[in-house]
Each structure stands twice: as structure tokens, then as C-alpha cells.
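>>> Let's see this in three dimensions:
(2 chains)
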There are 2 protein chains.
Amino acid sequence: MTKIKIGLFGFGVVGQGIYEVVRKSKNAHAEIVKICVRDPKKPRKTEADPSLFTTSVDEILDNPNINLVVEVIDDARAAYDIVKRALLRGIPVVSGNKTMLARNLPELIDIQKTRNVALLYDASSCGSIPVIRNLEEYYDNDLLLEVKGILNGSSNYILSRVFDHKDSYANALAQAQALGFAESDPSFDIEGYDSLFKLVIITVHALGTYVAPDRIFTYGISTIHDSDIRYAREKNVKIKLVAQVVKVSDRHFTMFVMPEFVTPSKYIYSVDDEYNGVVIRGECYDRQFMFGKGAGSLPTASSILSDIMARLNNYRYEYKKMNYIEKPDYTTDITLKIYARYKETEVQKILNFSKIHEQFTSEESNYVIGDILLSELIEKRSQLSGKDVFLANIPIFFLNRD
Amino acid sequence: MTKIKIGLFGFGVVGQGIYEVVRKSKNAHAEIVKICVRDPKKPRKTEADPSLFTTSVDEILDNPNINLVVEVIDDARAAYDIVKRALLRGIPVVSGNKTMLARNLPELIDIQKTRNVALLYDASSCGSIPVIRNLEEYYDNDLLLEVKGILNGSSNYILSRVFDHKDSYANALAQAQALGFAESDPSFDIEGYDSLFKLVIITVHALGTYVAPDRIFTYGISTIHDSDIRYAREKNVKIKLVAQVVKVSDRHFTMFVMPEFVTPSKYIYSVDDEYNGVVIRGECYDRQFMFGKGAGSLPTASSILSDIMARLNNYRYEYKKMNYIEKPDYTTDITLKIYARYKETEVQKILNFSKIHEQFTSEESNYVIGDILLSELIEKRSQLSGKDVFLANIPIFFLNRD
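Predicted coordinates for the structure are as follows:
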């Protein structure tokens, strides 16, 4: 490829960021030749030549000059259709759509292989932090033990406001939305789904295994109460929404998304505001920590630009770890130590703890700290949903090696 | 390449680490077939099959089964000869020798191109932190503005002991040596040369330009005094040995290694002990921070393993930025604000400050804070060498955008 000619789908904040970034990068040898949007007349912050716009998907997919599709639309279903159609025609794609990717990766990997075409999506996880590329290339070996981090900027922003600025949860959420950190549907961020989808993608490149999102325990921060925050402050920990995939033995790994009590000695303790931070732990290199802006128009766009530039060298993910002879299997048969705060809901009648370490009851609220199987949490999650209950992970030995 | 057959030069701490790591990585498809050492009988911590050893360089270079040379010997001159000979014969090389690389990169890049052969050296800079690979691949665009960091573990260990544990400088140095962090010649670490050589290599991949080490201002920590430490503590800053390359305008960049007053808001403030930390700043992605173990047997070996695995896919550095049409030029015509502490030596008679901000004299020691051209510091460095003077950078506007 001597010049990248881009057909861009979507011209929201990220699409406009890409337009800016491609223009700024004189050595990129890249050019946006067409932009497909639903409504070309919609007022937008960035002005682009009106002749660039089209409402027709085919006008891009049928254009023989276009050698790269960049997809940054919100709608996961529409994104899936566009990406699949482009790949089936042999057109390489760069996508930032984590929901679409996390749900459809096995099929999309298969199409990449059978059609010998590239799909790159480093921007889908942690914006400008190069997590996927490094897992795929630099940590391409058996030494990897764990990837753990704060993958969602808006929930982290909310928790930072609450912990560092003693703001109320409701205020902090409103502020995150006003600043544009939170997605249009805030539950996507604060219930942990955004982190979950990123974790699914990361795990494919960390350990070579795809685990469907609905098989993974995911618990968000929407039910956090003042008493939880007070409890954490008293113990000198912060509550962070943490996603993790961990090898628990040579033969098994586990993964989940849930709030966690983070002690000051951990790298992610100091990941505040809208930032993301990822710890990659390996058998020989110990811990690598990567930190940066996880979202936003220009950081995401610059990550998309990295994928665009990689296409100049015909780069594609090889999914090498999927071909490893010995791969660990996903398990939920591991014991977590958790904090469960409740009021009316009798948590101990729902959740089957294998051991209770602490119990506290008061007029205001109650909590229990106990050991529980991850599989038990998955089984009971629908019973806990919508209840006045807050769960947080208290990292124990196998996750607690800082 | 279906299987990597390695001829290893050097079996010191790093060489032994590679031996361990390659054995642990079952999916690496790599095997060490010969190890060239000066003395095969020398007692070593790691035991390897005696038949693996040779003292003859040719026995590796003439072996048609060997498709990768891994060079991890101490002696830069001998390393240069081996690496050059291997490349000229078309054998790809992985090297960790920063001194050799920083001095000879232009020639070695040229040989790589003319002979179409790969030389990889991610381990040479910051051990297990993937700085070079990311600068070469992920930050392959015009957006990069600055790479700045703590690149030397042992000087950082010493400064941490002094600042966080209120240890004396002499004690801290002795401890670093006892723990094996410091190189055999400690001046390499504490005078800044280790950081300098890494910075030279990093700059090639950050901005596409090679600057010879002797053209770069390098000032270490060996003359630090209690009064400097007291001064820094009073101002609530830490003194860190910082290497940096910074675009100062669209057309120019500068680079230098010197102690710096680091405020608590900076990412590198919390890089303590033997760790390394690198901040990559770009026009759109703002700051990315990477943190990890910069040295040691296994972290360095795991980084070498990443380069070995990259050869399975015939990866090589393309030095793409060297071909950029518009590249910034190196300049030393920039003004720094520095702290200069002295006693007998009359610093102001040697250094030509363009402006003096503060001046302090006392019975014990004196200091001046003033603006000075980087070129002036380079010109006068030999006059300052060996004197009871300590210089530290006080980051000003163009370097101070946290």
C-alpha cells in the first residue's frame, strides 16, 4: 500500500477527531475520501467538504479506490453489518466498536483468516494506551500471568470525584455526563459493560481465548452508598471498578469485572479521573504499568491513526496465542473474598458464602465479608440485580501479589 | 522461520536469564543451540549442558543451522565486532548493548538496509518496558512531541534511598552495588551515560534522527550534596536523573540528560527504587506513561524474548521516521532554567547565565538559579567536571505542561 484511502463510517466526536488527526499527520500518507453518515446536514463542530459526505454504505464499499474502512459509529448492530460486509469484500477495516467486537470476535476472526483480510481495533480498548498491540506483539509468549486495570474512564471519573473530592455519587455522575465522559446510556459505563467488552477483547490477545460476555461476572458501581465509601475511607483504600483476567494455575484462568478495594501500594490506586491504567504481569518481567487517556475524541482518534498507519505496512493481528498448543481454560470455580453491603435484601439468604470473615449490622446498613465462589456470583446475579446491595472484591492471595 | 535456533553470545546474568526464559516459554519455538563465552569453566548460577559452550565466535557464525544471534556481552567493542560480522553474513541479531548501539547505530542501520537483515534491540532501553517497539510502531506518526523519563535503575535507586529513606548518598551507592543494580563501573550509571545511550537509541525511533552521544549534554548525580537534598525537600520536589528528547518547535528538537527537580504532580515523581518510567507525549493523545522494571536478569531476558519471538514473524525495524519528509533538527540553542550549587568553584565566572532569578550564599554552600543556554552548558562541561558543583534542571514552560 503506498497511500491509504479511507472510507469513514461515522462523523461524531471520534470521527471528527480522526479527520483532524489525519490532516495533522503529514507523513501518514492517508486521506479520507468519503464519509458515510446518517444525516449529512446535521450541524457538527468540525467542518468538512460537503462533497465528502454520503448516506450510502455502498458508495464506500463499491469504491475501488478505497483501501481501508474506518468504522466509528455508535450502533453496534449497524457497525457489525458494515464491518462484516467490508471484510467479506476483502477491504481491511479499522474499528473502535468494543460492543460489536466483544460480541462477534470469533466470526470476525474467522473471516479475517478465510478472506486473508485485516481487522484492527486497538482503539476499542483503553483509547490511546496501546494494550492490544502490545499483548499481541510484545507479550507474545507464555510468560503472561495477568492483565488487570481500570478500563472505563467515566466510572473512574465518578469514583474519583467521590473519593478525592468528597462529592456525592449523584453529583459526580451528572458532572461526568456534562463533561461528555459518560456514554449516552450511562448504565453502559457504570454497570461495567464497557469494561467487560474491553476485557473480552483483551483476553483474546492476552491468552488466545474468546469468552462470551454473558459468561463473565460483571458488577458495576450504580448501587454504591455513602456507607460503602465511608467504610473504604476508614480502611484507607479506594473503590475502583476493576476488570481483570488472571491465570490462576498453569491450566486455568479466570476473569471478571467488579468494584475492588484498592490499597495505596497498587499502581491502579493512583489512576484517577477519566484516566485508564492497565497492569500487565508476567512470570519474568513482573509488572508493567501503562497509563493514559482512555477515551475522548482526539486520544481515541490518535489510536485509530496508529491502526491506519499500521496498514501502510500491511500489519494484521495474527492471533498467535490462539494457536498455542497449551492454552489455559476459563474457569469460574475460584473463590473470591468479597464485601457485600445490604439493607433490606438479606444477602446471606441469597449468596452462599463458603466462609464468613466479618459481619456488621447497624440501623443504617449491614455488611458481610466472606469467601464465595465466582460461579455462585454468576448464578445469583439476576437475584441481586436492582437490589439495594453493593459488592466489592477484596483481593486475596492469588490476585494480591504487589 | 519455523523455529528459531539461537547462537548466544554471553552467559552472564542476562544470558542466563535468557536461557531460563526460553526454556519456560513452551510456545516460543526457540532453542539455544550454542553459547559463546570467554571461559566455559567459570562457575555460574545457571547450569547448562557443557556441550552447548564454545569459546569460538566462528563456531556460531559459521553454523548454518543458527538463524539468530543473541548478543548480551558486556564489552561494547567486542559486541560491535560480533554484531557487525553476523549482520554482514545476513544473520539477524538481537542485542541489548546500549553503549555499542548508541555509538554505532548509523552504520548498523545502513548494514541492515543494504544486507536486508534485522537487528532488534528493544531490551537495550528500559529493559522490560516496550519503549522502542511502541515508538517505532504504535507512535509511528507526526503527533509525537516528547519522550521523557527515568531510564537508569541504579541512579534512581540511589536517589530513592536518599529521598524516601533519608539515607546518605555514599550508603545508597554501596547498597545499589551490593544488590547488583549498579553496573561494574558505577560512573556509567551515576554520571548519566547509561541514560544518555538509551536516549540516543530512543530518539532514533521517536523522531527518526540519530544524534551522536558526545553532542548531548549529560550531567549525573555524583556531586549531589546534603544541601541539594535539603533544598529539594524544602521545595517539596524530588531530584531525579531525567533523560528527555523534546520537540521545541515544528522545526527543532532538543535532548539532554541531567538531574531535575520533579514536582509531585508529575508521573515520574512516583517512579522510585530501581524502576524505570517513561512519559510519551503527543499532540492528540497527551501523555502516555509506561512503568516497569528497567533492568535485572529476568526482566531484560523477557524483553530479549520479545525480540526473539518477533523474529518468528520476520519482524524488523523499518526506521520509518528516518524517511519522513519533514523532520525536526537537533538544536542546543534553547534556554534552560537551572539550579547550580557550588562552594569553592565560582560558578558564575564559568557559566554565562542570561538571567539570574535567585542567589544564595552561606557559610556551608551557595547556589544560583538562572537561565542558561544548553549550548553554553555543553561548551563549559569540561570546566565543571570534577568540581564541587551540582546542577539540576528546573523545568520551565516548554517542558512543563503537566
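>>> could you pull out the strands for the stretch 101-250 of chain A?
Along the stretch 101-250 of chain A, counting by DSSP state E, counting those that start in this stretch, strands occupy A:119-120, A:144-150, A:217-218, A:238-247.
>>> Please disregard the earlier target; I meant the stretch 251-400 of chain A.
A:252-262, A:275-282, A:286-293, A:329-330, A:335-342, A:355-360, A:366-373, A:389-393.
>>> now check the longest one, is it near chain B?
I take that to be strand A:252-262. No - interface with chain B: strand A:252-262 contributes nothing (Cβ under 8 Å from any Cβ of the partner chain), its closest point being 15.2 Å away. In this view, the C-beta of every residue, glycine as well, is placed from N, C-alpha and C.
>>> quick one on the thing from earlier: nearest to chain B, of the strands of the stretch 101-250 of chain A?
For these, proximity to chain B was assessed by Cβ to the nearest Cβ; strand A:144-150 is nearest, at 10.0 Å.
>>> Switch the strands of the stretch 101-250 of chain A over to a markdown table; also include mean neighbour count, distance to B:L68 and mean pLDDT.
A markdown table is the format used below for the strands of the stretch 101-250 of chain A (neighbours: other Cβ atoms under 10 Å in any protein chain shown; distance: least, Cβ to Cβ, whole Å; pLDDT from 0 to 100):
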| stretch | mean neighbour count | distance to B:L68 | mean pLDDT |
| --- | --- | --- | --- |
| strand A:119-120 | 24 | 28 | 98 |
| strand A:144-150 | 25 | 22 | 96 |
| strand A:217-218 | 22 | 43 | 98 |
| strand A:238-247 | 24 | 28 | 97 |
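>>> Dump those to JSON lines, plus distance to A:L88.
JSON lines is the format used below for the strands of the stretch 101-250 of chain A (distance: least, Cβ to Cβ, whole Å):
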{"stretch": "strand A:119-120", "distance to A:L88": "11"}
{"stretch": "strand A:144-150", "distance to A:L88": "31"}
{"stretch": "strand A:217-218", "distance to A:L88": "31"}
{"stretch": "strand A:238-247", "distance to A:L88": "30"}
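>>> tilt between the helix or strand harbouring A:G15 and strand B:275-282?
Using DSSP states H and E, A:G15 maps to helix A:13-24. Using axes from the mean of the first three to the mean of the last three Cα atoms, to 10 degrees, the direction of helix A:13-24 lies 80 degrees away from that of strand B:275-282.
>>> thinking again about what came up before, among the strands of the stretch 251-400 of chain A, where is the model least confident on average?
Mean pLDDT is lowest for strand A:286-293 among the strands of the stretch 251-400 of chain A, at a mean of 92.
>>> Please name every helix or strand in contact with it.
Applying 3 or more Cβ pairs under 8 Å, 6 or more residues apart in numbering or on different chains; DSSP states H and E, one finds that strand A:286-293 contacts strand A:275-282, strand B:286-293.
>>> List the strands paired with that strand, with their directions.
Counting by DSSP bridges, the strands paired with strand A:286-293 are strand A:275-282 (antiparallel), strand B:286-293 (antiparallel).
>>> Would you tell me whether the longest helix belonging to chain A gets close to chain B?
What stands out as the longest helix in chain A, according to DSSP state H, is helix A:98-115. No - residues of helix A:98-115 are not located near chain B by Cβ under 8 Å from any Cβ, the shortest gap being 15.7 Å.
>>> Report the buried residues of that helix.
Within helix A:98-115, the residues that count as buried by 16 or more other Cβ atoms under 10 Å in any protein chain shown are A:98-105, A:108-109, A:111-112.
>>> give the contact list for A:I308.
When contacts are counted by Cβ atoms under 8 Å, 6 or more residues apart in numbering or on different chains, A:I308 touches A:4, A:6, A:22, A:28, A:30, A:68, A:70, A:94.
>>> Bridge partners for the second one, pull those for me.
What it means is A:I6. Beta-bridge pairing for A:I6 (DSSP bridges): A:I32, A:L68.
>>> How about the contacts made by it?
Applying Cβ under 8 Å, 6+ apart, the residues near A:I6 are A:22, A:30-34, A:66, A:68-70, A:308.
>>> Ok, the third one next?
Under the criterion of Cβ under 8 Å, 6+ apart, the contact partners of A:V22 comprise A:6, A:28, A:30-32, A:305, A:308.
>>> Of those, which pair is most distant in space?
A:E31 and A:L305 (12.6 Å; Cβ to Cβ).
>>> the more surrounded of those two?
A:L305 (32 against 12; other Cβ atoms under 10 Å in any protein chain shown).
>>> Would you check how far apart A:F261 and chain B are?
From A:F261 across to chain B, the span is 21 Å (Cβ to the nearest Cβ, to the nearest Å).
>>> go on, A:A340?
Applying Cβ to the nearest Cβ to A:A340 and chain B gives a distance of 33 Å.
>>> wait, doesn't that residue sit right on A:S365?
No - taking contacts as Cβ atoms under 8 Å, A:A340 lies outside contact range of A:S365: 11.0 Å.
>>> So for those two, which residue has more residues nearby?
A:A340 (22 against 18).
>>> which residues touch A:K235?
So A:K235 contacts A:F261 (Cβ under 8 Å, 6+ apart).
>>> now swap in A:V83 and tell me
With Cβ under 8 Å, 6+ apart, A:V83 has these contacts: A:69, A:71, A:93, A:95, A:97, A:100, A:108, A:119.
>>> try 6 Å
Neighbour list for A:V83: A:71, A:93, A:95 [criterion: Cβ atoms under 6 Å, 6 or more residues apart in numbering or on different chains].
>>> and which of these is nearest to chain B?
Of the contacts of A:V83, the one sitting nearest to chain B (Cβ to the nearest Cβ) turns out to be A:S95, at 17.1 Å.
>>> Now A:S354: closest residue in space, sequence neighbours ignored.
With Cβ to Cβ, 6 or more residues apart in numbering or on different chains as the criterion, A:S354 has its nearest non-adjacent residue at 4.8 Å, and that residue is A:D371.
>>> That neighbour: what's it in contact with?
Contacts of A:D371 (Cβ under 6 Å, 6+ apart): A:335, A:337, A:354-355.
>>> Return the distance of it relative to A:A340.
11 Å (Cβ to Cβ, to the nearest Å).
>>> surely A:Q112 meets A:P106?
No - A:Q112 is beyond contact range of A:P106, at 10.9 Å (criterion: Cβ atoms under 6 Å).
>>> For the nearest residue to A:G15 once chain neighbours are set aside, grab phi and psi.
Distances taken as Cβ to Cβ, 6+ apart place A:V72 nearest to A:G15, at 5.0 Å, with adjacent residues excluded. Taking degrees, to the nearest 10, you get phi -140, psi 50 for the backbone angles of A:V72.
>>> For the stretch 301-402 of chain A, which residues are neighbours of chain B?
For the stretch 301-402 of chain A, the contact set with chain B under Cβ under 6 Å from any Cβ of the partner chain comprises A:302, A:305-306, A:309, A:324.
>>> Which parts of the stretch 151-300 of chain A are helices?
A:153-164, A:169-178, A:187-190, A:193-207, A:226-234, A:297-312 (DSSP state H, counting those that start in this stretch).
>>> could these be laid out in JSON lines, adding distance to B:P130?
Output for the helices of the stretch 151-300 of chain A, formatted as JSON lines (distance: least, Cβ to Cβ, whole Å):
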{"stretch": "helix A:153-164", "distance to B:P130": "23"}
{"stretch": "helix A:169-178", "distance to B:P130": "32"}
{"stretch": "helix A:187-190", "distance to B:P130": "29"}
{"stretch": "helix A:193-207", "distance to B:P130": "14"}
{"stretch": "helix A:226-234", "distance to B:P130": "34"}
{"stretch": "helix A:297-312", "distance to B:P130": "14"}
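>>> which one of those helices lies closest to A:V246?
helix A:193-207 (9.9 Å).
>>> Next, the angle strand A:144-150 makes with the closest one.
160 degrees.
>>> Now do helix A:193-207 against helix A:98-115, angle only.
30 degrees.
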